[in-house]
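Asks: Here is a sequence with its predicted model. Questions after.
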Amino acid sequence: MLFLVLLAVVFIIMFVLGLMAYFNTSLTFIAHVRTLLGFEQKPATLQQQEEANRLLQEIRSLMAPPQEDATELGTEELAKAAVSETPRILREALDLQSQNREREAIELLLTAYDMDMPAEAKAQLHLLVGNSFASLSELEQAEGHYRQALDAGRNAESKESAAGALGNLGIIYRSQGDFPKAEEYQLQALAIHRSIGNRLGEARQLGSLANIYAQRGDLTQAEGHQQKALAINRQIGNHHGQATALGNLGIIYRHRGKFSRAEDHCQQALIMHREMGNRLGEAGALGNLAMIYTDLGEYSMAEDHQRQALTIYRDIGNRLGEAQSLSGLGIINRNQGDLPKASAHHEQALVIDREIGHRLGEAQNMGNLGNVFRLQGDLSRSEEHYQQAVSIHREIGYRIGEARQLANLGLLAEERDDVNEACRLLREALQLFEAIGASTNIVRTRGNLQRIGCDGEA
């Protein structure tokens, strides 16, 4: 019997490590980061969930049921109970996260904390709880759990778990705009994956580093790292990783103005996601294509792709994706000059973001509404929404978002002929952009300071 218990523990560890390929970047945290950048990997597919369920069935077939009628359980019995209960909790938490029911997932995972289980399994639980907090933009809580996961992984001498925690901490610091620290942690994770020959983890970290460089405005470095990630994913036959890397390269080419290459890569990603039956990945690719067509002024194509994405998100119950698509439609409407429709779509997205507790999305849609009101000439409402966006970005520590909204407030002050206030706000934004290393934003903000004629700007 003891042998079976130990064997079951081994299966659990294998199961949670298998989930790390997905959970290291998180089920809904992926969607959260996609909101930040549009560069992160997509969540687990139906096929991956089916594989996880199959593994769970194998685990359960090896276990004896817990002694529910006992008033007291000894160490061995507690271990048995934990072994049999943990897979259920992991599976149910996965289901809840896939539905963006993050609070419920957190509560469920916390019930497993007092169970007797290997330190490595404890590390995975902390990673999952951290992922849920991260998807809710509660980055301080997420960071705390990732650090506990890192400690547990190191105590268990599990390089895999430690690398997973380091990678997720890197994502947190990137989302806070601390790019040097984010890069440091991602490089540590990359070194560990390479030292243990984990090619999947290596590809994942290369992709994460590419995201840092992309947000920092270093698109050459971003492209190079993403190409390396794509090559590894092809070598190991990881189709999901290939599709993700192709989509991310498409976004990089879009930001570089290479729209033909951007469209080609996003179309390849779309085909792969459809072939794999990954509806969430399909929706993400459609949304990326919609952004390309928006940039090209092909608004009919953009709206068609965004509506396809919206339909999928609603079909699979992904409310975060639904909010993103609604916001995308709002941007299309704004570019077409249909400001009432743009406002309506951003308001709908804002309602969803608030309902699911997605603070970053709330801030972004506040900013989007500020843009609409500014175009409508309602400068007071525009300022109000920009200010609220700044406040939320500060609360969640998203510095690049704060800087962007400060820059918007600066341009708004310029429209009001308040040059001194415009210069003050733009300089404040520039300081943040320089601290972050966001090169594209630095160039743009310096250009605005020079155009307005702010003192000290050549």
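Replies: The structure has been received and is ready for your questions. Small disclaimer: the values here were computed from a predicted structure and weren't measured.
Asks: residues contacting the residue lying closest to residue 154 once chain neighbours are set aside?
Replies: Leaving aside its sequence neighbours, residue 154 sits nearest to residue 162 (Cβ to Cβ, 6 or more residues apart in numbering; 5.4 Å). Where C-beta positions appear, they are placed from N, C-alpha and C, glycine not excepted. Listed by Cβ atoms under 8 Å, 6 or more residues apart in numbering, the contact set of residue 162 reads 150, 153, 154, 192.
Asks: Narrow those to those that are buried.
Replies: Burial by neighbour count, 16 or more other Cβ atoms under 10 Å: within the contacts of residue 162 this picks out 150, 153, 192.
Asks: Residue 390 versus the second one, what's the distance?
Replies: From residue 153 over to residue 390 the distance is 37 Å, taken as Cβ to Cβ, to the nearest Å.
Asks: do residue 115 as well
Replies: From residue 115 to residue 390 the distance is 43 Å (Cβ to Cβ).
Asks: same thing with residue 354?
Replies: In terms of Cβ to Cβ, residue 354 sits 17 Å off from residue 390.
Asks: swap in residue 91?
Replies: Taking Cβ to Cβ, one finds residue 91 at 41 Å from residue 390.
Asks: And these two? Which one has more around it.
Replies: residue 390 (23 against 17; other Cβ atoms under 10 Å).
Asks: name the element that one belongs to?
Replies: Using DSSP states H and E, residue 390 falls within helix 379-396.
Asks: between the helix or strand just after that helix and helix 379-396, how many degrees?
Replies: Per DSSP H and E, the first helix or strand lying C-terminal to helix 379-396 is helix 399-415. Using axes from the mean of the first three to the mean of the last three Cα atoms, to 10 degrees, the inter-axis angle of helix 399-415 relative to helix 379-396 is 160 degrees.
Asks: how about low-confidence regions in the stretch 1-150 of the chain?
Replies: The stretch 1-150 of the chain contains residues with pLDDT under 70 at 1-85, 137.
Asks: returning to that earlier point: can you put the contacts of residue 162 in CSV and add distance to residue 300 and secondary structure?
Replies: Below are the contacts of residue 162 laid out as CSV (distance: Cβ to Cβ, whole Å; DSSP: H, G, I helix; E, B strand; the rest coil):
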residue, distance to residue 300, secondary structure
150, 49, helix
153, 50, helix
154, 54, helix
192, 48, helix
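Asks: need those residues in CSV with distance to residue 316, can you?
Replies: Converted to CSV, these look like this (distance: Cβ to Cβ, whole Å):
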residue, distance to residue 316
150, 32
153, 32
154, 37
192, 34
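Asks: Nearest to residue 414 among those residues?
Replies: residue 150 (45.8 Å; Cβ to Cβ).
Asks: Relative to residue 158, how far out is the residue lying closest to that closest one once chain neighbours are set aside?
Replies: For residue 150, ignoring the flanking residues on the chain, the nearest one in space by Cβ to Cβ, 6+ apart is residue 165 at 3.7 Å. Distance from residue 165 to residue 158, counting by Cβ to Cβ: 10 Å.
Asks: Common neighbours of those two, please.
Replies: residue 123.
Asks: between these two, who's got more neighbours?
Replies: More crowded of residue 165 and residue 158, by other Cβ under 10 Å: residue 165, with 30 against 21.
Asks: Quick one: the helices in the stretch 301-450 of the chain, in order.
Replies: For the stretch 301-450 of the chain, the helices defined by DSSP state H, counting those that start in this stretch occupy 319-336, 339-355, 359-375, 379-396, 399-415, 419-436, 439-452.
Asks: For those helices, could you give me a markdown table that also reports mean pLDDT and distance to residue 301?
Replies: Output for these, formatted as a markdown table (pLDDT from 0 to 100; distance: least, Cβ to Cβ, whole Å):
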| stretch | mean pLDDT | distance to residue 301 |
| --- | --- | --- |
| helix 319-336 | 95 | 10 |
| helix 339-355 | 96 | 18 |
| helix 359-375 | 95 | 21 |
| helix 379-396 | 95 | 29 |
| helix 399-415 | 94 | 27 |
| helix 419-436 | 94 | 33 |
| helix 439-452 | 92 | 26 |
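Asks: okay, those helices in CSV with distance to residue 262 next?
Replies: Listed next are the helices of the stretch 301-450 of the chain as CSV, based on distance: least, Cβ to Cβ, whole Å:
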stretch, distance to residue 262
helix 319-336, 16
helix 339-355, 24
helix 359-375, 22
helix 379-396, 28
helix 399-415, 22
helix 419-436, 24
helix 439-452, 16
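Asks: which one of these lies closest to residue 119?
Replies: Across these, closest to residue 119 is helix 379-396 (Cβ to Cβ), at 30.6 Å.
Asks: pretty sure residue 386 contacts residue 370?
Replies: Yes - Residue 386 lies in contact with residue 370 (Cβ atoms under 8 Å); the separation is 4.2 Å.
Asks: list residues touching both of the two?
Replies: Listed as contacting both residue 386 and residue 370 by Cβ under 8 Å, 6+ apart are 405, 408.
Asks: So if we follow the domain assignment, how does the chain break up?
Replies: Residue ranges for the domains of the chain, per automatic domain parsing: 1-64+76-236, 238-306.
Asks: closest to residue 421 out of these?
Replies: Within these, the stretch nearest residue 421 is domain 1-64+76-236; the backing value is 23.7 Å (Cβ to Cβ).
Asks: how far away is the closest residue to residue 355 other than its chain neighbours from residue 99?
Replies: When the adjacent residues along the chain are set aside, residue 355 lies closest to residue 319, with 7.3 Å between them (Cβ to Cβ, 6+ apart). Distance, residue 319 to residue 99, using Cβ to Cβ: 8 Å.
Asks: Compare these two (neighbour count), which wins?
Replies: Using other Cβ under 10 Å, the more surrounded residue of residue 319 and residue 99 is residue 319, with 19 against 15.
Asks: mind listing what that one touches?
Replies: 100, 313, 352, 355, 356.
Asks: next one: residue 415
Replies: 374, 379.
Asks: Give me the number of neighbouring residues for residue 191.
Replies: The tally of other residues near residue 191 (other Cβ under 10 Å) stands at 14.
Asks: Can you verify my assumption that residue 246 contacts residue 271?
Replies: No - using Cβ under 8 Å, residue 246 makes no contact with residue 271, being 9.3 Å away.
Asks: higher neighbour count, the two?
Replies: residue 246 (23 against 14).
Asks: What helices and strands are in contact with the host helix or strand of that one?
Replies: Remark: residue 246 resides in helix 239-255, with elements defined by DSSP H and E. Where contact means 3 or more Cβ pairs under 8 Å, 6 or more residues apart in numbering; DSSP states H and E, helix 239-255 is packed against helix 199-216, helix 219-235, helix 259-276, helix 279-295.
Asks: What separates the first and last residues of stretch 406-425, distance-wise?
Replies: Taking Cα to Cα, to the nearest Å, the first and last residues of stretch 406-425 lie 6 Å apart.
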